[in-house]
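A.B. asks: Fold the stuff below for me.
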Amino acid sequence: MRDWSRELTDMRETAGLVEALDLVICVDTAVAHLAGAMGKPVWLMNRYDTDWRWGFEGETTPWYDAMRIFRQPRFGEWQPVIAAVAERLEACAAQDRAHLSGA
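C.D. replies: Next comes the predicted model:
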């Protein structure tokens, strides 16, 4: 992984980077909204005391079709969120590997 934050000076540059990505994984920041508005796949790691925009349950949002929400089960517990994201990411990677190998 590479941290590009020092190179990004405005939202136009950030949008350029997002456009080049296959998937954005982030918390509730402007980047989540930017990626969602661009129609990019974005996985939102969401806090338990969520913002009203994300609703209070479920993996989807009416705001962005390509967004999936991973929610904290309890306040302050990020480990289950990170584990769920890692598991889904590994499943996607395995699917891609199988597709590339012709399986």
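A.B. asks: Next, name the residue at the spatial heart of the chain.
C.D. replies: By C-alpha atoms, centre = their mean, the chain has its centre lying nearest to W43, at 2.1 Å.
A.B. asks: Could you pull out the buried residues of the worst-scoring helix or strand of the chain on mean pLDDT?
C.D. replies: Least confident helix or strand, the chain: helix 79-101 with a mean of 90, by mean pLDDT, DSSP states H and E. Of the residues in helix 79-101, those buried by neighbour count under the rule 16 or more other C-beta atoms under 10 Å are V81, A84, V85. In short, each C-beta sits where N, CA and C put it, glycine included.
A.B. asks: Any chance of these in a markdown table with distance to A98 as columns?
C.D. replies: What follows is these, written out as a markdown table (distance: C-beta to C-beta, whole Å):
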| residue | distance to A98 |
| --- | --- |
| V81 | 26 |
| A84 | 21 |
| V85 | 21 |
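A.B. asks: ok, of those residues, which one's closest to G58?
C.D. replies: Checking the buried residues of helix 79-101 against G58 with C-beta to C-beta, the nearest one is A84 at 13.7 Å.
A.B. asks: The residue nearest to that closest one when sequence neighbours are not counted pairs with what?
C.D. replies: With sequence-adjacent residues excluded and distances taken as C-beta to C-beta, 6 or more residues apart in numbering, A84 is closest to F70, at 5.1 Å. In this entry, F70 is beta-bridged to M45, by DSSP bridges.
A.B. asks: Check the burial of F70 by counting its neighbours.
C.D. replies: 18 (other C-beta atoms under 10 Å).
A.B. asks: and if you look at L23?
C.D. replies: Neighbour number of L23 under other C-beta under 10 Å is 13.
A.B. asks: ditto for D28
C.D. replies: 16.
A.B. asks: so who does it touch?
C.D. replies: L44, N46, R47, T50, D51, W54 (C-beta atoms under 8 Å, 6 or more residues apart in numbering).
A.B. asks: any idea how far T60 is from the residue nearest to the centre of the chain?
C.D. replies: 12 Å (C-beta to C-beta, to the nearest Å).
A.B. asks: Spit out the residues that contact the two alike.
C.D. replies: M67, R68, I69.
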